[in-house]
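A.B. asks: sequence unavailable; structure follows:
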């Protein structure tokens, strides 16, 4: 079983050691003992084709599995014609960049608040994604997975049920399960192994075992209020906010899953990813 652990963007320590370019990340991550990297296009897809291809080459050299986080500005449920065009552009541009660098997955936030009628808003998002997928296929980009991320705030489209609903459109849409977000939006519900198992069971029931086996995961401690997500923290604060990684690690082992686990801790995402890896490896040795 190959479970991959990696970083969302570059941590503070990368820059503190004098590195500046994302091109240095594959070698740096491999030296740390990590093997996944989520390139951040969260403020826009600005990477040039030449740079993306070089990053992909270096990632292959160091066995780093690449994914991309698409811009935060995506809003599938918008009724504004200009924002709809931009949303489609952000998704297509992210997929093109993924093609250049050989990334297998593009993670995106569905975007948009629930409005007056959450069900209608969700349907609008689902219908627009269906429309975008036609262009994705026309451009031959449908071999790259589009991973819809569970969101952390109650006033955002992106509950687990809504993400599974988007994924019901079929390939290439899959879930990105952000357990920190999920824990925040459900007011700290992820405490026990059974709590995590219920989430995994729901995914398998809705989308099948194959999707579950190759799940794209985000994990980090997230502070929350009654409205959901407030702030991402580091593992130093995990006892304050949760969720705990160990119960999920046990289930990954028991179910023989092969996920990619991306850590989004604030500034220590590589260091914390290594902690997750060590928890998993220790449990693996015990079994």
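C.D. replies: On my side now, so go ahead. Since the model is a prediction, treat every value here as computed from it, not as a measurement. Numbers count the residues shown, from 1 in each chain.
A.B. asks: would you map the helices across the stretch 1-150 of the chain?
C.D. replies: 12-16, 25-32, 49-61, 81-101, 118-138 (DSSP state H, counting those that start in this stretch).
A.B. asks: buried set for the helix or strand encompassing residue 250?
C.D. replies: According to DSSP states H and E, residue 250 maps onto helix 246-254. Under the neighbour-count criterion of 16 or more other C-beta atoms under 10 Å, helix 246-254 has 247, 248, 249, 250, 251, 252, 253 buried. (C-beta placed from N, C-alpha, C; glycine too.)
A.B. asks: please identify which of these is nearest to residue 54.
C.D. replies: Nearest to residue 54 out of the buried residues of helix 246-254 is residue 252 (C-beta to C-beta; 32.5 Å).
A.B. asks: contacting residues for the closest one?
C.D. replies: 3, 259, 280 (C-beta atoms under 8 Å, 6 or more residues apart in numbering).
A.B. asks: of those residues, which belong to strands?
C.D. replies: Of those, none are assigned to strands by DSSP state E.
A.B. asks: make TSV from these and add neighbour count and pLDDT to it.
C.D. replies: Converted to TSV, the contacts of residue 252 look like this (neighbours: other C-beta atoms under 10 Å; pLDDT from 0 to 100):
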residue	neighbour count	pLDDT
3	21	98
259	21	99
280	20	98
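A.B. asks: distance of residue 221 from residue 67?
C.D. replies: 21 Å (C-beta to C-beta, to the nearest Å).
A.B. asks: to clarify, my last question referred to residue 51.
C.D. replies: From residue 51 to residue 67 the distance is 17 Å (C-beta to C-beta).
A.B. asks: more neighbours: those two, which one.
C.D. replies: residue 67 (25 against 16; other C-beta atoms under 10 Å).
A.B. asks: ok, the more buried one touching residue 102?
C.D. replies: No - using C-beta atoms under 8 Å, residue 67 is not in contact with residue 102; the gap is 10.6 Å.
A.B. asks: picking that back up, mean confidence score for the helix holding residue 250?
C.D. replies: The average pLDDT for helix 246-254 rounds to 98.
A.B. asks: ok, of the contacts of residue 252, which one's closest to residue 111?
C.D. replies: residue 259 (24.3 Å).
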